[in-house]
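**Q** pasting the structure only:
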């Protein structure tokens, strides 16, 4: 009789391939699935009782910013708590490779702004034992991991490394610089990179750099992007993640089509999101995606099908950066921000831009907490004279006191040394539209968690748990089989994960075992504050409830929602261990 490492007994298997669910046992040995179903082939060192539970492939989270956090948090939480067993790092063109030693400080400062990752945590938690891409990959390989990881080349880092920061922000690359970038990308692909990533949001970027200027890739030329795409085409390998929204939607989509055609490799387009009332918003995106596929263009749509709220202060907020006036006021030290908020001309500029908001700014505000007038005052730094405002919206206060909602927001912030907290009013989500985004296309999957980013005001890493409890269990608009295909198999395929995303004999044993009826998120909506980051920093988190077991490469990382301390995760060079 053979000996196995794990025996998952009596569960309902949903294997990720869309095959109808079935009851079966599953045996794991040496990190891989040895047998699914049939009679017991032998004895196991440990048995997991999965009676009444779902046994499914671990979730694949393609859009994360755990590049720093994975160095001190092997499980990339909060994603790791919510059944994610594999992540992609280096999204949006942002990250820490390649980086020259004298640019390390500036690269961390960039990430404190554009992805709102606490500086002190990066300063304390990152080892910086690399400069080049191969050195970085070896360092990441050595780092203990509780999840598997694929690394994309962050294009912003590449441009700065080759051109220098000022040149990269002010001009196209020269022929010699383009040749060097091709060489470095090829060297990185040899070392196991999964491709490259880009954010291109124009000069009024939603996510600006540390000094308020656009990120390097925000104003990158078509030719410099296509230069990198030529490397993937020549090698016939790799993937491109791109977030492009310059305010000219037709031009943006035309470029994505051109990029897909010239790279001839899969493009991960971010993001397809539903409106609350107008189905045409997502239906246009799905129709465009279908036309691309009919042309033979390998484009996938990552979708924003998540329900999580924003709670933020102007001390840390960066997501109004598409507004030049807001960007100016919220850039700098706290003292500099306070000084600028007291400037009447800047205050008037913010209100003018708010009242004359263009379509881009309106869309952005809807996606990051909603219109300012609807924001709720949730905390006023325990100042008794301000407690009368708690629980009221900025619009309501403005009406009662004859003030503009922006004035209310800034005045409360100044009165609390920027500590006043504003809460997104819990909106009604359109379950029908969210389901249609998934069921209406063969090329879409849930995601855009931004895990590891915006840690003080956003908890998107819980999207996997929410998708199952909301779309599958509560609304019954997406089947369990379809959900697990979209959470595991399809994203694994789209981003180049090999031998993962399905429960098949011989595949790596990344598995979740959970109680669908007991699946939940605690606390809901905006989570809770916890001070668990290096450097004494805090973040918002949402814990998972209902996972009996989370298994990575055949080893339990979480049992009954408690961490085991095991770190079996692997760096997946070229998509595999």
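**A** Cool, the structure landed. Since the structure is predicted, the reported quantities are computational estimates derived from the model, not experimental observations.
**Q** the nearest residue to residue 276 once chain neighbours are set aside: how many residues sit nearby?
**A** Spatial nearest neighbour of residue 276, excluding adjacent residues (CB to CB, 6 or more residues apart in numbering): residue 430 at 5.2 Å. All C-beta spots, glycine's among them, are computed from the backbone N, C-alpha and C. A count of nearby residues for residue 430, using other CB atoms under 10 Å, gives 16.
**Q** got the contact list for residue 430?
**A** 274-277 (CB atoms under 8 Å, 6 or more residues apart in numbering).
**Q** turn those residues into JSON lines, columns for pLDDT.
**A** Output for the contacts of residue 430, formatted as JSON lines (pLDDT from 0 to 100):
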{"residue": "274", "pLDDT": "93"}
{"residue": "275", "pLDDT": "90"}
{"residue": "276", "pLDDT": "90"}
{"residue": "277", "pLDDT": "92"}
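**Q** and residue 50, how many neighbours?
**A** 25.
**Q** same deal with residue 287?
**A** 13.
**Q** thinking again about what came up before, for the residue nearest to residue 276, phi and psi?
**A** Residue 430 adopts backbone torsions of phi -90, psi 100, taken as degrees, to the nearest 10.
**Q** how near is it to residue 269?
**A** Distance, residue 430 to residue 269, using CB to CB, to the nearest Å: 21 Å.
**Q** quick check on the contacts of residue 430: which are buried?
**A** residue 274 (16 or more other CB atoms under 10 Å).
**Q** sitting in strands, which of the contacts of residue 430 do you find?
**A** Within those, no residue falls in strands by DSSP state E.
**Q** export the contacts of residue 430 as JSON lines, with columns for distance to residue 517.
**A** Putting the contacts of residue 430 into JSON lines (distance: CB to CB, whole Å) gives the following:
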{"residue": "274", "distance to residue 517": "27"}
{"residue": "275", "distance to residue 517": "31"}
{"residue": "276", "distance to residue 517": "28"}
{"residue": "277", "distance to residue 517": "31"}
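**Q** out of the contacts of residue 430, flag the one nearest to residue 33.
**A** residue 274 (35.6 Å; CB to CB).
**Q** skipping adjacent residues, who's closest to that closest one in space?
**A** Closest to residue 274 by CB to CB, 6+ apart is residue 433, at 3.7 Å.
**Q** that neighbour: how many residues sit nearby?
**A** When counting by other CB under 10 Å, one arrives at 20 neighbours for residue 433.
**Q** let me know whether it touches residue 279 as I believe.
**A** Yes. Residue 433 is within contact range of residue 279, at 5.9 Å (criterion: CB atoms under 8 Å).
**Q** now the helix or strand hosting residue 141, how far from the centre of its chain.
**A** According to DSSP states H and E, residue 141 maps onto helix 133-142. Put simply, helix 133-142 sits 22 Å off its chain's centre (CA atoms, centre = their mean, to the nearest Å).
**Q** could you do stretch 145-157 as well?
**A** Centroid separation for stretch 145-157 versus its chain: 12 Å, with CA atoms, centre = their mean.
**Q** quick thing: my sequence starts at 11, can you match it?
**A** Sure, I'll start numbering at 11, so the last one becomes stretch 155-167.
**Q** what sits against the residue nearest to residue 284?
**A** 284-286, 289, 292.
**Q** ditto for residue 16
**A** 37-38, 54-58, 519, 561, 564, 566.
**Q** cool, and residue 359?
**A** Applying CB under 8 Å, 6+ apart to residue 359 gives the contacts 334-335, 338.
**Q** take those residues and write them to CSV, including secondary structure.
**A** Output for these, formatted as CSV (DSSP: H, G, I helix; E, B strand; the rest coil):
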residue, secondary structure
334, helix
335, helix
338, helix
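**Q** before we move on, the earlier item: looking at the contacts of residue 443, which are in helices?
**A** Among those, the members found in helices (DSSP state H) are residue 292.
**Q** so what's the residue count around residue 467?
**A** When neighbours are counted by other CB under 10 Å, residue 467 registers 25.
**Q** apart from its neighbours in sequence, what residue is nearest it?
**A** Using CB to CB, 6+ apart and skipping the chain neighbours, the partner closest in space to residue 467 is residue 322 (3.8 Å).
**Q** quick one: pLDDT of that neighbour?
**A** pLDDT, the model's per-residue confidence, is 97 for residue 322.
**Q** what do you get for the one 10 residues further on?
**A** With respect to pLDDT, residue 332 has a value of 89.
**Q** separation between it and residue 361?
**A** From residue 332 to residue 361 the distance is 16 Å (CB to CB).
**Q** neighbour-wise, which of the two wins?
**A** Neighbours were counted for residue 332 and for residue 361 using other CB under 10 Å; residue 332 has more, 25 against 16.
**Q** tell me if that one really is in a strand.
**A** No. Counting by three-state DSSP, residue 332 is not part of a strand but coil.
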